[in-house]
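*Asks:* Structure for the following, please:
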Amino acid sequence: MFLREATSRTMGDRMGWFWMLFEPIAFTAIMVGIRSFVRGDRLVVNAEFIPWMIIGLMGFYLVREGMLRGMGAIDANQALFSYRQVKPIDPVFVRNFLEGMLRTFVFLMFIVGGLMIGLDMKPDNAIQAFIAWFSLWSLGLGAGLISSVLATLVPELGKVVRMLSLPLLIISGVILPLGNLPHWLLEHLMLNPIPHGLSLLRQGFFENYQIIHGTSWLYLWLCILVMNTLGLILHLRFSDRLKAK
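*Replies:* Residues are numbered from 1 along each chain as shown. I've put the predicted structure just below:
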């Protein structure tokens, strides 16, 4: 199943690898251009803007793709469910693991490329950066487990989830620092676990980076555990219905 998904993901589209690299490059270039037009050269405290943006985008894409790729995993592998040992949860795990590997490889390419052109992309605390990256991958897995069940049973919910991906990018602190927002608004935005993971990931790269007030490893992992547990329960409860779709 893993080989099947890997071949489909990387070889099914001749432009697959191109878009995985071009999307964050193009988005970063656009945002840097807007930043240069609207503000000065400095926007983020104790961190260069371009590396800060790239790290945030890579972390967000890891969560987003885990959530979105999981939604189509069950329908795309219906034929395999005729084998008793294959469960609806299996393709979700496979897709999320594959996406994590691909995104990690792309992120490493960005780090190497950034260092070659003089960007500050070397992590000051590699262990924290790795743990934060793994935490974001786990968060995407939990979101993928939940969305795979909901989108398969109620297809309209899948469309809603896709529509929410863009607003989620904005309110997760990927584009602009959330620390500049009013406290009353920040309290609500920090209920979203993604800003916690992104802030901790960025702190792993920039030792003196001022993380968002209220950022917590504990809250991040509580959300991860709750979402993964809920996803597993949903798969266990609706396993037969998912196979019959």
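*Asks:* Burial check on Met116, number of neighbours?
*Replies:* Per other C-beta atoms under 10 Å, the neighbour tally for Met116 reads 9. No exception for glycine: its C-beta is placed from N, CA and C like everyone else's.
*Asks:* ok, it - contacts?
*Replies:* If a contact means C-beta atoms under 8 Å, 6 or more residues apart in numbering, then Met116 has no contacts.
*Asks:* what about it, distance to Ile50?
*Replies:* As for Met116, its distance to Ile50 is 14 Å (criterion: C-beta to C-beta, to the nearest Å).
*Asks:* could you pull out the strands for this structure?
*Replies:* Remark: no strands are assigned in the chain by DSSP state E.
*Asks:* lowest-confidence helix or strand of it?
*Replies:* The least trusted helix or strand in the chain, going by mean pLDDT, DSSP states H and E, turns out to be helix 16-38, with a mean of 71.
*Asks:* For that one, enumerate the helices and strands it packs against.
*Replies:* Helix 16-38 sits against helix 2-11, helix 49-71, helix 89-116, with contacts defined as 3 or more C-beta pairs under 8 Å, 6 or more residues apart in numbering; DSSP states H and E.
*Asks:* Tell me where the model's unsure across the chain.
*Replies:* Low-confidence segments of the chain, defined by pLDDT under 70: 10-17, 35-43, 245.
*Asks:* Nearest residue to the middle of it?
*Replies:* The chain has Val63 as the residue nearest its centroid, 1.9 Å off, counting by C-alpha atoms, centre = their mean.
*Asks:* Quick check: closest non-adjacent residue to that one.
*Replies:* Excluding the flanking residues, the one nearest Val63 by C-beta to C-beta, 6 or more residues apart in numbering is Gly140, at 4.2 Å.
*Asks:* hmm, back to that, okay, the angle between the least confident helix or strand of the chain and helix 49-71?
*Replies:* Calculated by axes from the mean of the first three to the mean of the last three C-alpha atoms, to 10 degrees, helix 16-38 forms an angle of 140 degrees with helix 49-71.
*Asks:* Need the residues that contact helix 16-38.
*Replies:* For helix 16-38, the external contacting residues (C-beta under 8 Å, 6+ apart) are 9-10, 13, 43, 49-50, 53-54, 57-58, 61, 102, 106, 109-110, 175.
*Asks:* and if we set it to 7 Å?
*Replies:* By C-beta atoms under 7 Å, 6 or more residues apart in numbering, the residues outside helix 16-38 that reach it are 9-10, 43, 49-50, 53-54, 57-58, 61, 102, 106, 175.
*Asks:* again with stretch 231-245
*Replies:* With C-beta under 7 Å, 6+ apart as the test, stretch 231-245 has contacts from 74-75, 78, 81, 87-89, 142, 145-146, 149, 152-153.
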